[in-house]
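>>> coordinates only, sequence not included:
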Ligand SMILES: NC(=O)N[C@H]1NC(=O)NC1=O
């Protein structure tokens, strides 16, 4: 991922198309989020960008939320194998150690991912940069598999917000 470090004044001065280009993947493959927060400029600080993104995400209906969840690559899944993930996801999954797991762990993860999406109708999403190891992620998916659909839908959206916040922080010089 090419790091872009801007300060908040530079962010506020960016032409709209540039803003959308740079912030277009703060929500995975969903540039509509960057477009949706443009009107909130000028931002006071990095926190207010992430606040605007959270408000945008909270304004979406269930179908739109599910569409967003479906944009995320599975953890250590097919897209990772094919090296076809976005630079942001590649960075995140690498930093959580997911691209260097044993085939046993990979198989467990794949099996639980499958159970999860069959049960809930959307993929398992977690902000992996907040987890220390693949083992912690396996424990999380195992425990979340026991939840009901409504709870999981809102947990998944909260995880998208965490991923989004960390992606915004990566772009801004503080
Ligand atoms: N499935 C899923 O949670 N994917 C992701 N999570 C994260 O932090 N980056 C991703 O690509």
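Sure, I can see it. Note that the structure is predicted; figures quoted are calculated from it, not measured.

>>> next, count neighbours for residue 168.
20 (other CB atoms under 10 Å). (Glycine included, C-beta is placed from N, CA and C.)

>>> next one: residue 155
16.

>>> now residue 71
16.

>>> and the nearest residue to it once chain neighbours are set aside, what pLDDT?
Spatial nearest neighbour of residue 71, excluding adjacent residues (CB to CB, 6 or more residues apart in numbering): residue 29 at 4.1 Å. Looking at residue 29, its pLDDT reads 98.

>>> same thing with residue 133?
91.

>>> for it, grab phi and psi.
Per-residue torsions, residue 133: phi -160, psi 160 (degrees, to the nearest 10).

>>> from the ligand, how far out is it?
14 Å (CB to the nearest ligand atom, to the nearest Å).

>>> what is the neighbour count of the residue lying closest to that residue once chain neighbours are set aside?
Counting by CB to CB, 6+ apart, residue 133 lies nearest to residue 97, which is 6.0 Å off, once chain neighbours are set aside. For residue 97, the count of nearby residues is 18 (other CB under 10 Å).

>>> what about stretch 70-87, start to end distance?
Stretch 70-87 has its terminal residues 17 Å apart, counting by CA to CA, to the nearest Å.

>>> show me the helices in the chain, by range?
8-13, 16-23, 32-38, 46-58, 62-71, 78-81, 87-95, 103-120, 134-144, 149-171 (DSSP state H).

>>> is the ligand contacted by the last one?
Yes: part of helix 149-171 sits near the ligand under the criterion CB under 6 Å from any ligand atom, namely residue 163.

>>> next: the shortest one.
No: if you take CB under 6 Å from any ligand atom as the test, helix 78-81 misses the ligand, and the best it gets is 8.8 Å.

>>> what mean pLDDT does that helix have?
94.

>>> please apply the same query to the fourth one.
Rounded to a whole number, the mean pLDDT of helix 46-58 is 98.
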